[in-house]
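Chemist: The sequence and its predicted three-dimensional model are supplied below.
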Amino acid sequence: GAVVSQHPSWVICKSGTSVKIECRSLDFQATTMFWYRQFPKQSLMLMATSNEGSKATYEQGVEKDKFLINHASLTLSTLTVTSAHPEDSSFYICSATQRQRTDTQYFGPGTRLTVL
Amino acid sequence: KQEVTQIPAALSVPEGENLVLNCSFTDSAIYNLQWFRQDPGKGLTSLLLIQSSQREQTSGRLNASLDKSSGRSTLYIAASQPGDSATYLCAVIRQAGTALIFGKGTTLSVSS
């Protein structure tokens, strides 16, 4: 149980285009979802926290107009990278917590974004 | 602001050796600490989770300890194998329902 999926697993896009990444909790209701970004040889850094039905909370330095997060249901959160540039190329990972057990986060497999 | 540091950044050992990975955190007010494994280009695999009230957790050849007051944790790997080669990440959480704060990881290479 407690499986989180991400789609797509990898994506290559041209500079200036927008890319949407989906994060789904397959067998539980995710009250909170987190979006992390990992640059090569770096740690995972929190980008934003997303609660179902409310606006996401962004970390300092993360542009909310560039990284649009929507958590429209208890099983789905989406991250849209708008007007992507090569410096946005990174590994994006989401995690989710259950309503009944908020002390454990379940991670998705990640999405590798490459912007040409 | 919580900061998590992992030492060493990289480690190479021959197969069969026992080894210790270190993690330190600056704010001892944590809810729990977790160790993850990450293979190249892949997501995270949770290895061990230690609640703030616990001192250690064991799973197979892995043993993680936590000294909350000194802000330290260690991951002990016994009888290392080439399949253990990966990056090991340490992360802490301030309270339930909040985000994890990660260290940069230790990249382990076990040669046969």
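Modeler: Done, it's in.

Chemist: and chain A, which of its residues are near chain B?
Modeler: Chain A has residues A:31-32, A:34, A:36, A:41-46, A:49, A:91, A:93, A:95, A:97, A:102-105, A:107-110, A:112 near chain B, with proximity defined as CB under 8 Å from any CB of the partner chain. C-beta coordinates here come from the backbone N, C-alpha and C atoms, glycine included.

Chemist: Now the buried members of those residues.
Modeler: A:31-32, A:34, A:36, A:43-46, A:49, A:91, A:93, A:95, A:97, A:102, A:104-105, A:107-108, A:110, A:112 (16 or more other CB atoms under 10 Å in any protein chain shown).

Chemist: Can you list which of those are found in helices?
Modeler: Among these, no member falls in helices (criterion: DSSP state H).

Chemist: hang on, the earlier thing: in strands, which of the residues of chain A next to chain B appear?
Modeler: Using DSSP state E, the members of the residues of chain A next to chain B that fall in strands are A:31-32, A:34, A:36, A:44-46, A:49, A:91, A:93, A:95, A:97, A:107, A:112.

Chemist: Hmm, which of those residues is lowest in pLDDT?
Modeler: By pLDDT, A:Thr31 ranks lowest within these, coming in at 86.

Chemist: any idea how far B:Val4 is from that one?
Modeler: Here the criterion is CB to CB, to the nearest Å. By it, A:Thr31 lies 25 Å from B:Val4.

Chemist: Wait, B:Tyr88 touches B:Gly103, no?
Modeler: No - checked against CB atoms under 8 Å, the pair B:Tyr88 and B:Gly103 is beyond contact range at 9.2 Å.

Chemist: Let me see the confidence value for A:His85.
Modeler: Per-residue confidence for A:His85 comes out at a pLDDT of 96.
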